[in-house]
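> Please work out how this folds:
(2 chains)
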Number of protein chains: 2
Amino acid sequence: MVRENEIRKAEVAVEMPPPTDAGLVFIGRIRTPWTSRMETPRQGRSDGPLCRIEVFEPWVRALDSLAQFERIEILYWLHLSRRDLVMQSPANDGTSRGTFSLRSPARPNPIGTAIAHLVGIDGATVTVRGLDCLDDTPLLDLKPDRSLFRPIAPAQAGDFQVGDP
Amino acid sequence: MVRENEIRKAEVAVEMPPPTDAGLVFIGRIRTPWTSRMETPRQGRSDGPLCRIEVFEPWVRALDSLAQFERIEILYWLHLSRRDLVMQSPANDGTSRGTFSLRSPARPNPIGTAIAHLVGIDGATVTVRGLDCLDDTPLLDLKPDRSLFRPIAPAQAGDFQVGDP
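Numbering: from 1, shown residues only, chains lettered A, B, ... in the order given. Take a look at the predicted model:
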């Protein structure tokens, strides 16, 4: 990985168990300027180009009240990634590191997470800056940035729990 | 939602499309002190109790080099959540807000994300503080906290792109 889907010297693949433990529904599509994995940013930048998230029905109504947040967390499905690598060689230099120590798109459940700046919401379209994914990437979820969100529901016992039980 | 799976006044459910666009594999299990949704924290705290993540084979090797990060991002499957709510009433007070404006576990793809403090890694077990999920929650992914990670792979064109294309 990750130029295309070749495997490199020093990388280790495993036999991938069937991914049937739970199922996802694609709730929208992300439009970005990048159509090749050879040009997408390694990391999004908050002054990056505008990207458009198109939310599908029946989920558009769930955008209600999202506009108040300056930053949102976006989850998406890295649909072109291989899922069977446990050791990867990002620099292709003969060394490798464990998949969980990297933010590479190649992972057993290829879910990307980004914190993006919310520019605006117009109907079913959410405009943001700060993404780093390919054009046409399937959308999985949108949520307020955790650092901006305070729970509305009343606190529960666990909220007050510190140290060891 | 979200006490158990009842629907409240002012909440709106939709007919859920079949979640068959992509499949997940559970790569581990998260052990926490909370066995009921009535007591789990609304939000994890960095001085919270120790939680244990047990990684399943064949993924244990992918933990290599993760120990160097002080904080890690954890993705998990909120296995008890309903997925069909577009408007929710967290305070059960007759008002409601869109699902994407909340960090409620009830969402079309119930994937939780947390930034946790990494306490240690021993074999297949990762110990952290800062989680807020139920005991026995299925694990989907581990990655370095984005603010601590610098890509190892060489930069690409998109990394230098600002403003509009």
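
> and the residue nearest to A:Leu131 when sequence neighbours are not counted, what pLDDT?
Leaving out its chain neighbours, the residue that sits closest to A:Leu131 by CB to CB, 6 or more residues apart in numbering or on different chains is A:Cys51, at 4.4 Å. Placement of C-beta: from N, CA and C, glycine included. Listed pLDDT for A:Cys51 reads 96.

> which residues sit in contact with A:Cys51?
A:Ile30, A:Arg31, A:Thr32, A:Pro33, A:Ala116, A:Thr127, A:Val128, A:Arg129, A:Leu131 (CB atoms under 8 Å, 6 or more residues apart in numbering or on different chains).

> ok, which pair from those is furthest apart?
Pairwise distances across these peak at 14.4 Å for A:Pro33 and A:Ala116 (criterion: CB to CB).

> partners of the residue most central in space within chain A in the sheet?
Chain A has A:Gly112 as the residue nearest its centroid, 2.1 Å off, counting by CA atoms, centre = their mean. Beta-bridge pairing of A:Gly112 under DSSP bridges involves A:Tyr76.

> still on that earlier bit, neighbour count: A:Pro33 and A:Ala116, which is higher?
Taking neighbours as other CB atoms under 10 Å in any protein chain shown, A:Pro33 and A:Ala116 compare with A:Ala116 leading, 23 against 19.

> contacting residues around the more buried one?
By CB under 8 Å, 6+ apart, A:Ala116 lies in contact with A:Gly44, A:Cys51, A:Arg71, A:Ile72, A:Ile74, A:Val128, A:Arg129, A:Gly130, A:Leu131.

> got it, and A:His117?
Neighbour list for A:His117: A:Ser46, A:Glu70, A:Arg71, A:Val128, A:Arg129, A:Gly130 [criterion: CB under 8 Å, 6+ apart].

> Just give me the neighbour total for the first one.
When neighbours are defined as other CB under 10 Å, A:Ser46 has 12 of them.

> helix, strand or coil for the residue nearest to A:Gly28 when sequence neighbours are not counted?
Distances taken as CB to CB, 6+ apart place A:Leu139 nearest to A:Gly28, at 3.6 Å, with adjacent residues excluded. Applying DSSP: H, G, I helix; E, B strand; the rest coil to A:Leu139 yields a three-state assignment of strand.

> mind listing what A:Leu139 touches?
A:Phe26, A:Ile27, A:Gly28, A:Arg29, A:Ile30, A:Ile53, A:Glu54, A:Val55, A:Ile74, A:Leu75, A:Tyr76, A:Trp77.

> partner residues bridging it?
A:Gly28, A:Tyr76.

> Run through chain A and note the low-pLDDT ranges.
Within chain A, the ranges that satisfy pLDDT under 70 run A:1-3, A:165.

> at 50 instead, please
In the predicted model, chain A carries pLDDT under 50 at residues A:1.
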